[in-house]
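Colleague: the sequence and its predicted three-dimensional model are supplied below.
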Amino acid sequence: MGLVAIFGAGVMGETLLAGLIRAGRSADDLVVTERRPDRAQELRDKHGVDVVSNVVAAEKADTLVFVVKPQDMGTLCDEISAHVRPGALVVSLAAGITTEFLESHLPEGCPVVRVMPNTPALVDQGMSAVAGGAHCDEAHLEEAESLLRAVGRVVRLDEKHLDAVTAISGSGPAYIFYVAEAMIEAGVFLGLPRSTATELVVQTFYGAATMLRETGEHPSVLRENVTSPGGTTVAALRTLDDHKVRAAFISALEAARDRSADLASGK
């Protein structure tokens, strides 16, 4: 796999760095870029990794992982393009930045893989989708998948699907937190201590997600198993249906998909 350089030591950049080390990658095979001296020293002390400039990282790396803000991507590519090693793989985790954009700002023929990750990577439960650009082969895609498996699960898709992935799993944790917040507030309204309501809701989400993964059952089947005729669950679900919650979720994900497409086109 060679030397991996992570460009950008924000939350996701450090998450990937720490995940790779936990997965058995030697810190000697990793470098990180970070402009702030205090942050660079923190990364050295915490992870034992070398922190270098963007140009040095590009000159050394066999795999370049871009985890900078989307608005900074053009500047980064312009800075390092002349220094990228022939045959080096570029893996981009920047939302809305297409492989076509990156290919146009990097050396001719540079293989690029675009990734849509999500924040549960922080606890090694991420969901990432990868899509290869015009110059990628199977080995390039497998390399990108190997990197992301250090922090969760990975699926491979055509790039045209990444706006939908952004809407579902990329933004998805926020929807779950939104519902959890509402359920906790409801618990407080119904008279429970906030700490108790929080524990009930968090464990319920964790348990339900575990059931979905481990049973392989369709969500409708699992829902029906909880829904007794004339009981409390059906009363609650009827109210959610009256408020068109299911339709609202579909509309919300459509809006997120459309916004992702707008960002990719520079709007």
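Modeller: Sure thing, it's come through.
Colleague: and the residue located most distally from the centre of the chain, what does it touch?
Modeller: In the chain, the residue that sits farthest from the middle, by C-alpha atoms, centre = their mean, is residue 230; the gap is 40.8 Å. Not one residue lies near residue 230 by C-beta atoms under 8 Å, 6 or more residues apart in numbering. Quick note: C-beta positions are derived from backbone N, CA and C, even for glycine.
Colleague: give me the secondary structure label for it.
Modeller: Assigned with DSSP: H, G, I helix; E, B strand; the rest coil, residue 230 falls in the coil class.
Colleague: distance of it from residue 245?
Modeller: Separation of residue 230 from residue 245 (C-beta to C-beta, to the nearest Å) stands at 21 Å.
Colleague: what does residue 229 give?
Modeller: Residue 229 is 21 Å from residue 245, by C-beta to C-beta.
Colleague: these two: who's more crowded?
Modeller: Counted by other C-beta atoms under 10 Å, residue 229 and residue 245 do not tie: residue 245 has more neighbours, with 13 against 5.
Colleague: okay, now residue 204: neighbour count?
Modeller: Residue 204: 12 neighbours (other C-beta under 10 Å).
Colleague: now do residue 91
Modeller: 24.
Colleague: quick check on it: phi, psi?
Modeller: Per-residue torsions, residue 91: phi -120, psi 120 (degrees, to the nearest 10).
Colleague: now the one 3 residues further on
Modeller: According to degrees, to the nearest 10, the main-chain angles of residue 94 amount to phi -80, psi 120.
Colleague: ok, and the closest non-adjacent residue to it?
Modeller: residue 70 (4.6 Å; C-beta to C-beta, 6 or more residues apart in numbering).
Colleague: tell me the pLDDT at that neighbour?
Modeller: On pLDDT, residue 70 comes in at 88.
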